[in-house]
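Trainee: My questions are about this predicted structure, shown below with the sequence.
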Amino acid sequence: MTTGDHEKLLRRIRKLMALGTRNNNAYEAARAVRLAQTLMQRHNLSPDDVAISAVHEQVSYQLYSDAISIPGWLHAMAAVVCMATGSRCWFGWYNTVSRTGQPRRRRSLHFYGLNERPEVALYVFTVLSRQLREATDFHMHSAYRLKRLKIQTKRNRADQFREGWVVGVWNVLESFAPTEKESNVLRRWLTQRCDDQSLSEINAREARRCRGDKDARVSGWLAGQRAELNQGINGQASQVPTLQLSITGGSEDE
């Protein structure tokens, strides 16, 4: 059996099991479950095999920081996206080549979850990242364009704005946590996915304190709350956000 045929078989079994648990017709539900069990026995598949096959992975290779110590706002952004989509994630590394031909090690962010959730998570993360960058540029230009500040102070204020912005986004999103059963499936999948490569704790760094940091953080928080993520996908009742986002630039209140 080819990989494609194996995937088709697993999808068919998952559909039959879903039919067996969601169908109000007791006869049809029992028939679907029996057929799923027959296919599993015929192809030597366990319930774990079927459950884990519903877990997928999507990777972002376009992060705005490749630092070993991940910025607090980036770590928080990943957590916010997971919270809103019912996904999980981890940070990794990948090797690439710069424009000058030099090898370069870059950060990656791996989203994993059931069914379409990782795909939605990747899209939401990409859009949020782009909008955060635009909001930060707007704020830094409008608030500090005529002020003489040290480069480090500007960087610190930008990080404070970003952290505040992510907190603002967090406040307007609804939490969507996987069930305990789903969480167990995700843990088993991650164990298989990583094999003998153990995951370590994230080393995240908070934005540095500086003069004007509170004002920058509040401005970010106000701008972040203007994010709007509607619920539902393709018109279906769901707690996963749609792929729509509208965010206004940063506040000029300093």
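Mentor: Structure's in. What do you need?
Trainee: Could you report the neighbour count for the closest residue to residue 189 other than its chain neighbours?
Mentor: Ranked by Cβ to Cβ, 6 or more residues apart in numbering and with sequence neighbours excluded, the top spatial neighbour of residue 189 is residue 55, at 4.2 Å. For the C-beta atoms, the positions are set from N, CA and C on the backbone; glycine is no exception. Other residues lying near residue 55 total 21 when counted by other Cβ atoms under 10 Å.
Trainee: what's the distance between residue 55 and residue 154?
Mentor: Taken as Cβ to Cβ, to the nearest Å, the spacing of residue 55 relative to residue 154 amounts to 42 Å.
Trainee: ditto for residue 192
Mentor: Taking Cβ to Cβ as the criterion, residue 192 is separated from residue 154 by 45 Å.
Trainee: Which one's more surrounded, the two?
Mentor: residue 154 (16 against 10).
Trainee: Run through the residues that contact residue 105.
Mentor: By Cβ atoms under 8 Å, 6 or more residues apart in numbering, the residues touching residue 105 are 66, 93-96.
Trainee: of all these, which comes closest to residue 15?
Mentor: Top of the list for closeness to residue 15, among these and by Cβ to Cβ, is residue 94 at 34.3 Å.
Trainee: secondary structure element for the closest one?
Mentor: Element membership for residue 94, per DSSP states H and E: strand 88-97.
Trainee: in its sheet, what does that strand sit against?
Mentor: With DSSP bridges as the test, strand 88-97 is paired with strand 103-114 (antiparallel).
Trainee: in the strand it pairs with, what's buried?
Mentor: Within strand 103-114, the residues that qualify as buried by neighbour count (16 or more other Cβ atoms under 10 Å) are 107, 109-114.
Trainee: mean confidence score for the helix or strand following it?
Mentor: Next in sequence after strand 103-114, counting helices and strands by DSSP H and E, comes helix 117-144. Averaging pLDDT along helix 117-144 yields 91.
Trainee: now stretch 176-196
Mentor: For stretch 176-196, the mean confidence score works out to 87.
Trainee: Return the set of buried residues in it.
Mentor: For stretch 176-196, the neighbour count (16+ other Cβ under 10 Å) marks 176, 178, 182, 185-186, 189-190 as buried.
Trainee: same question, stretch 65-81
Mentor: Neighbour counts over stretch 65-81 (16+ other Cβ under 10 Å) mark 70-78, 80-81 as buried.
Trainee: Just the ones in strands from the residues you listed, please.
Mentor: When strands are assigned by DSSP state E, the members of the buried residues of stretch 65-81 inside them are 70-71.
Trainee: Nearest to residue 50 among the buried residues of stretch 65-81?
Mentor: Lowest distance from residue 50 to the buried residues of stretch 65-81 (Cβ to Cβ) belongs to residue 81, with 27.1 Å.
Trainee: Okay, angle between the helix or strand encompassing residue 221 and helix 117-144 too, please.
Mentor: Under the criterion of DSSP H and E, residue 221 resides in helix 213-224. Following axes from the mean of the first three to the mean of the last three Cα atoms, to 10 degrees, one obtains 130 degrees for the angle between helix 213-224 and helix 117-144.
Trainee: Helix 213-224 - contacts with which helices or strands?
Mentor: If you count contacts as 3 or more Cβ pairs under 8 Å, 6 or more residues apart in numbering; DSSP states H and E, helix 213-224 packs onto helix 117-144, helix 151-172.
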